[in-house]
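task: produce atomic coordinates for the following.
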Amino acid sequence: MSKISRTSKRPKLLADSFKQEGKVLSCGNGGSHCDAMHFAEELTGRYRENRPGYAGIAISDPSHLPVCPTTLAMTTSSRYVEAVGRRGDVLLGISTSGNPAIS
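The predicted structure is shown next:
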């Protein structure tokens, strides 16, 4: 499956989750961490026009983030998702480098 084919399915995945009262958990590392926070803000905020907010949470709470992005960081993110994620939710990992999108 091509990257374009996989990417074109993402909006439907998000829409289906929201229709089932799901949420998006977003995460990233470095600058992508900021993108993950911005994405969650756009979901919960106004975006381009007045509309109801969508459930979006960036895995960005400093109390959950380890000091350095290593295997511990992946464990921290997965434990966060395990704790707050539910069936039907979407995990959006953002990585501009192509490396693991960890918080």
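
just want the most central residue of this protein.
Computing the C-alpha centroid of the chain and ranking residues by CA atoms, centre = their mean puts residue 26 first, at 1.3 Å.

so who does it touch?
Counting by CB atoms under 8 Å, 6 or more residues apart in numbering, residue 26 touches 36, 37, 39, 40, 56, 57, 58, 59, 91, 92, 93, 94. The way it works is simple: take the backbone N, C-alpha and C, and place the C-beta from them, glycine included.

by mean pLDDT, flag the weakest helix or strand of this structure.
Least confident element among the helices and strands of the chain, by mean pLDDT, DSSP states H and E: helix 3-8 (a mean of 63).

buried residues in the very next helix or strand once past it?
The element immediately downstream of helix 3-8 (helix or strand, assigned by DSSP states H and E) is helix 10-19. Within helix 10-19, the residues that count as buried by 16 or more other CB atoms under 10 Å are 14, 17, 18.

for the first one, which non-adjacent residue is closest in space?
Nearest residue to residue 14, sequence neighbours excluded (CB to CB, 6 or more residues apart in numbering): residue 90, at 6.0 Å.

isn't the one you found right next to residue 20, touching?
No: when contacts are counted by CB atoms under 8 Å, residue 90 is not listed as touching residue 20 (10.6 Å).

ok, these two, which is more surrounded?
Per other CB atoms under 10 Å, whichever of residue 90 and residue 20 has more neighbours is residue 90, with 17 against 11.

so what's the more buried one scoring on pLDDT?
If you check residue 90, the pLDDT there is 96.

which ones are touching it?
13, 14, 17, 22, 23, 24, 25.

element containing the residue nearest to the fourth one when sequence neighbours are not counted?
Nearest residue to residue 22, sequence neighbours excluded (CB to CB, 6+ apart): residue 88, at 4.0 Å. Counting by DSSP H and E, there is no helix or strand that carries residue 88.
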